[in-house]
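Colleague: Based on what follows, work out the 3D shape:
(2 chains)
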Amino acid sequence: MITLEYVYVLAGLMFAAFAVLSARDRSNPKRLGNATFWGLLGVSFLFGSYLSDLANGILVLALVAIGGFKILGHGKPATTTPAERRESATRRGNWLFLPALVIPAVALLGALFLKTATIGGVALLDPKQATLISLAFGVMLSLSIAMLWLRPPLLAPLHEGRRLMDTVGWAAVLPQMLASLGAVFALAGVGQAVGTIATEWLPLDTQFAAVAAYCIGMALFTAVMGNAFAAFPVMTAAIGLPLIVHQFGGDPVIMAAVGMLSGFCGTLTTPMAANFNIVPAALLELPDDAVIKVQIPTAIPLLLANTALMYFTVYRF
Amino acid sequence: MLTLLGIFVVVLGFLLRQNPLLVIMASALVTGLFGGIDPIHLVSAFGHAFNENRYVSIIWLILPVIGLLERSGLQERARMLIGRMRAATTGRVLLAYFMLRQATAALGLTSLGGHPQMVRPLVAPMAEAAAETNIGELSEATRQRIRAHSAAADNVALFFGEDIFIAISSILLIKGFLQTNGIVVEPFDLSVWAIPAALLALIIHGARLLLLDRSLRKSK
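Modeller: This next block holds a predicted model:
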């Protein structure tokens, strides 16, 4: 059975290659920082499953030190000039989109069809991870097509990958870091503490106050945690179920569905939701808060609209 | 209550624009300190969670292919394609992508979009090219605004589309949570109640995208 572990090995080899190429890139004055950072990430992907939790934790501390204290630079691998790119785009035409579209297409087909495939009674893929494993298949197929068709220098994909990876920089590990912080919060009981405050300090004696506190609370707590999934159990156990459903007789389906989406409004506003808000800013070479800034004017009216939607429907169905 | 100081550290750190990696580590240390977790245990817990969450970083496997295609002029081709369409404006290009992304996410096809695979190589160059065709040379600030809007269109469409699909993780989380609290609900009913919010998102964000064209012309 193909498990996620194989994909981790693939990713680990890629990060290790980035590390080696970074170490040899004399155009980057901080090249040893880059080499160590991507090298450690490579170690995490290749050997993380065999290291102790403490060793993994120390590895994370090293990543934080390199990324946090600006020891990371930007490598400048040799690439094509804008003129060469325009020429290639004109000559090759819309076929250039094909390899890019192969990746989602394979990820999709794999998730739909390979999920249940078996060979000699053994599942082909770990069914829980079918989408991610299929994504890796898609990348390999797309890369093979592009290499055969475009005939670039053999190391070009690794050089170009490193160019983009350096653009993302420390933000590359931010989503993993935030997920880990969430685990520490859970360990220390942060969620329950927030729930206690919400119920003890807020006057929630009307139907409207309960709905408003629940929806806005979902958005705010999601903004703090970076993830509506972390906020939902806490806010629903503190306000949603006891007040909206049990005390005022609201409909649990509407409460939960609209409540979760109110949380998503919070996701649009927070740097804690790094993979949606900070990573794309890095990828598009924008300031950290650029994406959040254009999302807030959608998030606020949408949250108010969701709150109104819940108030006008939850007690009527 | 002192465990909440960790949240305070996060908020303060982001407001003071400190490096997020340092902010997160500081928050974890403060939370552990006041939550009665000893440092060794804390670092172990952090390392364990980091290792368990490696799957979120698998998306970086895509960078070598995207970089290779960029090297061969993928972004330039995306620009040429949109540059030829007179009717294409930044707002309309992004609205079209928004609707496509929301509709496919509603069918559970969330892997059909995303920032490294669609926004950077295709959507953002197309949105920029449409602006160039309509209003000419762009300032750096305008260019950045268009790119930020390209990322935002992907996020909003995804968040307010995916919950319509019955087997998405958030629907399953809701079902599981309510079930442990003695309330049995059907995933289908939950996804039906995601539709009004999806329409509201389309109306609000769609209107903003169409207004974006006017604002770009003015700010040129």
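Colleague: where does chain B have low pLDDT?
Modeller: B:1, B:167, B:220 (pLDDT under 70).
Colleague: what about the helices in it?
Modeller: B:5-15, B:20-34, B:39-52, B:63-71, B:74-83, B:90-106, B:124-135, B:140-162, B:169-180, B:187-192, B:195-219 (DSSP state H).
Colleague: Mean neighbour count added to those, as TSV?
Modeller: From N, CA and C alone the C-beta is placed, and that goes for glycine too. TSV is the format used below for the helices of chain B (neighbours: other C-beta atoms under 10 Å in any protein chain shown):
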stretch	mean neighbour count
helix B:5-15	17
helix B:20-34	22
helix B:39-52	20
helix B:63-71	26
helix B:74-83	21
helix B:90-106	22
helix B:124-135	23
helix B:140-162	24
helix B:169-180	17
helix B:187-192	17
helix B:195-219	18
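Colleague: Take these and lay them out in a markdown table including distance to chain A.
Modeller: Converted to a markdown table, the helices of chain B look like this (distance: least, C-beta to the nearest C-beta, whole Å):
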| stretch | distance to chain A |
| --- | --- |
| helix B:5-15 | 5 |
| helix B:20-34 | 4 |
| helix B:39-52 | 3 |
| helix B:63-71 | 3 |
| helix B:74-83 | 4 |
| helix B:90-106 | 9 |
| helix B:124-135 | 6 |
| helix B:140-162 | 4 |
| helix B:169-180 | 5 |
| helix B:187-192 | 5 |
| helix B:195-219 | 4 |
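Colleague: want to try JSON lines for those helices, with distance to A:Ile103 as columns?
Modeller: Shown next, in JSON lines, are the helices of chain B (distance: least, C-beta to C-beta, whole Å):
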{"stretch": "helix B:5-15", "distance to A:Ile103": "33"}
{"stretch": "helix B:20-34", "distance to A:Ile103": "28"}
{"stretch": "helix B:39-52", "distance to A:Ile103": "25"}
{"stretch": "helix B:63-71", "distance to A:Ile103": "7"}
{"stretch": "helix B:74-83", "distance to A:Ile103": "13"}
{"stretch": "helix B:90-106", "distance to A:Ile103": "15"}
{"stretch": "helix B:124-135", "distance to A:Ile103": "17"}
{"stretch": "helix B:140-162", "distance to A:Ile103": "16"}
{"stretch": "helix B:169-180", "distance to A:Ile103": "21"}
{"stretch": "helix B:187-192", "distance to A:Ile103": "27"}
{"stretch": "helix B:195-219", "distance to A:Ile103": "26"}
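Colleague: Compare the ones you listed and give me the one nearest A:Leu21.
Modeller: Smallest distance to A:Leu21 across the helices of chain B (C-beta to C-beta): 11.4 Å, for helix B:63-71.
Colleague: which parts of stretch A:154-171 are buried?
Modeller: Of all the residues in stretch A:154-171, those buried under the rule 16 or more other C-beta atoms under 10 Å in any protein chain shown are A:156-171.
Colleague: Those residues: which two are farthest apart?
Modeller: Largest separation among these by C-beta to C-beta: A:Ala156 and A:Trp170, giving 25.1 Å.
Colleague: picking that back up, nearest to A:Ile66, out of the helices of chain B?
Modeller: Per C-beta to C-beta, nearest to A:Ile66 of those: helix B:20-34, 9.0 Å.
Colleague: which other residues reach the closest one?
Modeller: Contacts with helix B:20-34, where a contact means C-beta atoms under 8 Å, 6 or more residues apart in numbering or on different chains, come from A:61, A:63-64, A:67-69, A:170-171, A:173-174, A:177-178, A:180-181, A:184-185, A:188, A:190, A:271, A:274, A:278, B:2-3, B:5-7, B:9-10, B:13-14, B:37-39, B:41-42, B:46.
Colleague: Low-confidence bits of the stretch 201-317 of chain A, can you list those?
Modeller: Within the stretch 201-317 of chain A, not a single segment meets pLDDT under 70.
Colleague: Helices along that one, start to end?
Modeller: With helices called from DSSP state H, counting those that start in this stretch, the stretch 201-317 of chain A shows them at A:207-225, A:228-235, A:252-267, A:274-277, A:279-283, A:290-313.
Colleague: middle-most residue in chain A, spatially?
Modeller: Closest residue to the average C-alpha location of chain A: A:Asn275 at 3.5 Å, with C-alpha atoms, centre = their mean.
Colleague: Quick check: the gap between that one and A:Ala186.
Modeller: As for A:Asn275, its distance to A:Ala186 is 19 Å (criterion: C-beta to C-beta, to the nearest Å).
Colleague: what does B:Val123 give?
Modeller: 35 Å.
Colleague: who has more neighbours, the two?
Modeller: When B:Val123 and A:Ala186 are compared for neighbours, B:Val123 comes out ahead with 26 against 15, by other C-beta atoms under 10 Å in any protein chain shown.
Colleague: Now do the buried residues in the one helix or strand A:Val20 maps to.
Modeller: A:Val20 is located in helix A:4-23, with elements delineated by DSSP states H and E. By 16+ other C-beta under 10 Å, the buried positions in helix A:4-23 come out as A:4, A:7-8, A:10-12, A:14-19, A:21-23.
Colleague: Could you tell me the phi and psi values at A:Ile2?
Modeller: Phi and psi for A:Ile2, reported as degrees, to the nearest 10, are phi -90, psi 120.
Colleague: give the contact list for A:Gly259.
Modeller: Residues in contact with A:Gly259 (C-beta under 8 Å, 6+ apart) are A:214-215, A:218, A:232, A:235-236, A:240, A:310.
Colleague: can you rerun that using 6 Å?
Modeller: Going by C-beta atoms under 6 Å, 6 or more residues apart in numbering or on different chains, A:Gly259 touches A:214, A:218, A:240.
Colleague: the domain parsing of chain A - what is it?
Modeller: The record's domain parsing of chain A by automatic domain parsing lists A:82-152, A:189-313.
Colleague: Give me every residue in the stretch 201-317 of chain A lying close to chain B.
Modeller: Listed as neighbours of chain B in the stretch 201-317 of chain A under the rule C-beta under 6 Å from any C-beta of the partner chain: A:224, A:229, A:233, A:241, A:252-254, A:256-257, A:260-261, A:264, A:271, A:276, A:280, A:283-284, A:286, A:290-291, A:294-295, A:298, A:301-302, A:305-306, A:309.
Colleague: if I look at the spatially closest residue to A:Gly57 that is not a sequence neighbour, how far off is A:Val60?
Modeller: Excluding its sequence neighbours, the residue lying closest to A:Gly57 (C-beta to C-beta, 6 or more residues apart in numbering or on different chains) is B:Gly47, at 2.9 Å. Taking C-beta to C-beta as the measure, B:Gly47 and A:Val60 are separated by 6 Å.
Colleague: and what of A:Leu54?
Modeller: According to C-beta to C-beta, A:Leu54 stands 11 Å off from A:Val60.
Colleague: quick one, which of the two is more surrounded?
Modeller: A:Val60 (26 against 16).
Colleague: That one: which element?
Modeller: Using DSSP H and E, A:Val60 maps to helix A:53-68.
Colleague: Report all helices and strands that that helix contacts.
Modeller: Helix A:53-68 sits against helix A:31-47, helix B:20-34, helix B:39-52, with contacts defined as 3 or more C-beta pairs under 6 Å, 6 or more residues apart in numbering or on different chains; DSSP states H and E.
Colleague: Of those helices, give the one that comes closest to B:Gly91.
Modeller: Distance to B:Gly91, taken as C-beta to C-beta, is lowest for helix B:20-34 among these, at 31.4 Å.
Colleague: could you give the angle of the closest one to helix B:39-52?
Modeller: Relative orientation of helix B:20-34 and helix B:39-52, computed by axes from the mean of the first three to the mean of the last three C-alpha atoms, to 10 degrees: 140 degrees.
Colleague: Please name the nearest non-neighbouring residue to the residue nearest the centre of chain B.
Modeller: Note on chain B: the residue nearest the mean C-alpha position is B:Asn155, at 3.3 Å, using C-alpha atoms, centre = their mean. Take B:Asn155 and drop its neighbours on the chain: the residue closest to it by C-beta to C-beta, 6+ apart is A:Phe276, 5.0 Å away.
Colleague: hmm, back to that, closest to A:Pro29 out of the helices of chain B?
Modeller: Of all those, helix B:20-34 comes closest under C-beta to C-beta, at 21.0 Å.
Colleague: This completes my enquiry, with thanks.
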